[in-house]
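Novice: no sequence on this one, just coordinates:
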C-alpha cells in the first residue's frame, strides 16, 4: 500500500499528540510525515515533504490557519487542507470554503470513530483526484515531450503537478537491444507500446513521475527529485537509478531476450526542458551502435553530451568500394580485410547512421555476389536473425570483424563450387542451427531427402560425417565464446548446442586437447 503523507500544524504540541493518538494511521493507509508548532515554518516543511493531507489549527499566533492555507495554495501545494478549530465560527467556515479548504472540523468533537470514517472518505477523494490529475498531466507531458506549446494555464497546472515530485527532473530512455541490421530483412517485433510501472521505495529523494511508451520496446521514464547534493554525487545517484531501471526493464521483458541500453538526460528544472531532454536521450539510444550496446549512457557537459557528434566529412565511398571490389576479384585477402577496417574506422569518426548504412549495404552486395559465385545462397532476402553471427552486430568493431570473417571464409573456400547443392544446403543449415538439438533426420527433412541419402552424399563429398562436421562447427563457435572470457562454462555449452556442460567439456577436450577453462585462461593471458 502506498501511504498518503500527513502533516499537522498546531501551536499546541498536546493538540498534535492527541490527534496522532486518535487512530492507527498506518493501518488506514496514512503516514504522519511531519508536524510543527511554528506556522511560519509550515510552508517550508510542506515544500519539503509534499504531503497529501494537512491539518491546520485555525488560531495560531502570528499566522492563522486560513492565511497559511492561502500561502500553501499560492505555492502550488496539491494537499487537501482540513482546518481545526475550538469553535464553530460561521465566518471562518465561509472564508475557508472560499479559499478551497477541504473541510472544517471542531477539535472537541473529534473522536476515533469520526476520524477513522473521515480518513476513509479522504483517502478515496485524494486517490480519485490524484488519478484524474495524473491522467490530465500525462496528456500535457506528452504534448510537451512532442515539442508542442501549452497555454499559460496548462503550464501552470503542469508546474504545480511536477512540483509534487521534486524541483529537478531527468528523462531516462530504455530499449531492448537488437542487432544492427547489417544484411538481410530485419525481424519485426510484435510488441509495441510496452507499459510498465516502476516501484520506487518510500523515503528516497527520487520519485517516478511518468512513463512514456513508444513503438517497439522503447520506453521513457520521467524522474523527479530535489537537488540537495553535489553535481558529482547527483551524477552517481542518477547512474544508480538508470542501472536500476535497466535491470527492472530487462526482467520485465525477459521473454524477449537480449540486453537493454539506457540513456539518462541532463537535469532540467522546467517542464519545457522535457522536449530537449527526451530528444537527447532518444538520439543517444539511436546512436548506441557507435558507443556500444548493453550500456548506461549518461549526459555529460564535460564530454559534450557523451554521445558521438556527427561530423560531416567528404569521403569518396565510391572510389573506396571500387578498390575493394578489385581486391576481392584479385583475391587479395589482406587488402580486403584492411579495406573493411578502414571503412568502419571512417564511419566511426563521422558518427553518421547514413554512412554506416551505406557501408553495410555496399559490403553486403559484394559479399552476396561472392557467395552466389561459390554456390551459396545470398543473405539479402533472409531474416537477419537466421544469419550466422548476426547476434554479434552490436558494435562497429564486431560488425567489421563479421564482414572480415565472411569474406575470408568465402575467399578461402576452394571447394565451394564442387559440393552439390544438397551438401551446401546441409552445411548452411548446420552453421545456422548448431545451437539447437540437431539430428541428421531433421536436417534431411529440411532438404526434402532421406537421412541415409544425406549421410552418403555428405560423406562422399566432404570426407566427413555430418556429426563430425556439426561437432567441428560447435567447437569453432565455443572457442570464440571462451576467448572473450565473458561467459560461464554452462553458458558456452548451451550457446553451442550442449545441454550438459560436463559432456561439452569432454567433447571440447577430445577435439582440442584442452579443457575449456584452460583454453579460456590461455586466451585471456595472451598465450595463444
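Specialist: Yes, it's here. This is a predicted model, so every value here is computed, not measured.
Novice: Need the three-state assignment for the residue nearest to residue 359 when sequence neighbours are not counted.
Specialist: Excluding the flanking residues, the one nearest residue 359 by Cβ to Cβ, 6 or more residues apart in numbering is residue 343, at 5.1 Å. (Each C-beta comes from the backbone N, C-alpha and C, glycine too.) Assigned state for residue 343: helix (three-state reduction, DSSP: H, G, I helix; E, B strand; the rest coil).
Novice: number of nearby residues for residue 343?
Specialist: Residue 343 sits with 24 neighbouring residues when counted by other Cβ atoms under 10 Å.
Novice: next one: residue 496
Specialist: Counted with other Cβ under 10 Å, residues neighbouring residue 496 total 23.
Novice: any idea which element the nearest residue to it once chain neighbours are set aside lies in?
Specialist: Of all residues beyond its chain neighbours, the one nearest residue 496 is residue 474 (4.3 Å), with distances taken as Cβ to Cβ, 6+ apart. Here residue 474 sits within helix 466-484, counting by DSSP states H and E.
Novice: Kindly report the same for residue 318.
Specialist: helix 317-329.
Novice: Kindly report the same for residue 7.
Specialist: Counting by DSSP H and E, the element that carries residue 7 is strand 4-9.
Novice: where in the stretch 251-400 of the chain is pLDDT low?
Specialist: Scanning the stretch 251-400 of the chain for pLDDT under 70 picks out the ranges 256-257, 302-313.
Novice: what's the offset of the helix or strand hosting residue 285 from the middle of its chain?
Specialist: Counting by DSSP H and E, the element that carries residue 285 is helix 274-286. How far helix 274-286 lies from its chain's middle: 13 Å, per Cα atoms, centre = their mean, to the nearest Å.
Novice: show me what contacts the closest residue to residue 71 other than its chain neighbours?
Specialist: Excluding the flanking residues, the one nearest residue 71 by Cβ to Cβ, 6+ apart is residue 43, at 5.3 Å. Applying Cβ atoms under 8 Å, 6 or more residues apart in numbering, one finds that residue 43 lies in contact with 68, 71, 72, 75.
Novice: Residue 43 in helix, strand or coil?
Specialist: Secondary structure, three-state DSSP: residue 43 is helix.
Novice: again, but for the one 3 residues further on
Specialist: Following three-state DSSP, residue 46 is assigned to helix.
Novice: what's around it, how many residues?
Specialist: Per other Cβ under 10 Å, the neighbour tally for residue 46 reads 22.
Novice: Check whether it really touches residue 72, as I assumed.
Specialist: Yes: the pair residue 46 / residue 72 is scored as a contact, 6.0 Å apart, by Cβ atoms under 8 Å.
Novice: which residues are in contact with both of the two?
Specialist: With Cβ under 8 Å, 6+ apart, residue 46 and residue 72 have common neighbours 54, 79.
Novice: Now the host helix or strand of residue 362: buried residues?
Specialist: In the assignment (DSSP H and E), residue 362 maps to helix 353-373. Residues 355-356, 358-360, 362-364, 366-368, 370-371 are the ones in helix 353-373 that count as buried (16 or more other Cβ atoms under 10 Å).
Novice: follow-up on the earlier one: lowest pLDDT pick from the contacts of residue 43?
Specialist: Minimum pLDDT for the contacts of residue 43 is recorded at residue 75 (82).
Novice: Nearest residue to that residue in space, please, no chain neighbours.
Specialist: Beyond its immediate neighbours in the sequence, the residue positioned closest to residue 75 (Cβ to Cβ, 6+ apart) is residue 43, lying 6.2 Å away.
Novice: any idea how far that neighbour lies from residue 2?
Specialist: According to Cβ to Cβ, to the nearest Å, residue 43 stands 25 Å off from residue 2.
Novice: Give me the residue ranges of the stretch 1-150 of the chain where confidence is low.
Specialist: Using pLDDT under 70, the flagged stretches of the stretch 1-150 of the chain are 1, 87-100.
Novice: Mind jotting down where the helices sit in it?
Specialist: Taking DSSP state H, counting those that start in this stretch to define them, one finds helices in the stretch 1-150 of the chain at 13-22, 39-49, 65-74, 90-98, 112-145.
Novice: So which of the ones you listed is the most surrounded?
Specialist: Greatest average neighbour count among these goes to helix 65-74 (a mean of 19), per mean count of other Cβ atoms under 10 Å.
Novice: and that one with helix 39-49, angle?
Specialist: In terms of direction (axes from the mean of the first three to the mean of the last three Cα atoms, to 10 degrees), helix 65-74 departs from helix 39-49 by 30 degrees.
Novice: Which strands or helices does helix 65-74 pack on?
Specialist: Helices and strands touching helix 65-74, by 3 or more Cβ pairs under 8 Å, 6 or more residues apart in numbering; DSSP states H and E, are helix 39-49, strand 53-57, strand 80-85, helix 90-98.
Novice: The second one versus strand 80-85: what angle between them?
Specialist: Angle of strand 53-57 versus strand 80-85, following the same axes, to 10 degrees, is 20 degrees.
Novice: still on that earlier bit, take the buried residues of helix 353-373 and lay them out in TSV including distance to residue 217.
Specialist: Compiled in TSV, those are given as follows (distance: Cβ to Cβ, whole Å):
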residue	distance to residue 217
355	26
356	21
358	27
359	26
360	22
362	30
363	28
364	25
366	33
367	29
368	30
370	35
371	32
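Novice: Those residues: which two are farthest apart?
Specialist: For those, with distances taken as Cβ to Cβ, the pair at the greatest spread is 355 and 371 (24.4 Å).
Novice: rewinding a little: quick check: buried residues in the helix holding residue 285?
Specialist: By 16+ other Cβ under 10 Å, the buried positions in helix 274-286 come out as 274, 275, 277, 278, 280, 281, 282, 284, 285.
Novice: Enumerate every residue touching residue 167.
Specialist: Residue 167 is in contact with 225, 226, 227, 269, counting by Cβ under 8 Å, 6+ apart.
Novice: Could you write me a PyMOL select line covering just the buried ones among these?
Specialist: Burial among the contacts of residue 167 is assessed by 16+ other Cβ under 10 Å; the matching PyMOL selection reads:
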select buried, resi 225
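Novice: Out of the contacts of residue 167, which is nearest to residue 469?
Specialist: residue 225 (58.2 Å).
Novice: so residue 428 is in which element?
Specialist: Assigned by DSSP H and E, residue 428 falls within helix 421-433.
Novice: elements contacting that helix?
Specialist: Judged by 3+ Cβ pairs under 8 Å, 6+ apart, the packing partners of helix 421-433 are helix 440-447, helix 451-462, helix 466-484.
Novice: Pull the residues that contact the longest one.
Specialist: Pointing back at helix 466-484 there. The contact list for helix 466-484, computed with Cβ under 8 Å, 6+ apart, reads 426-427, 430-431, 434-435, 438, 440, 443, 454-455, 458-459, 462, 464, 487, 491-493, 495-498, 504, 507-508, 511-512, 516, 519-520, 523-524.
Novice: Perfect, I'm done here.
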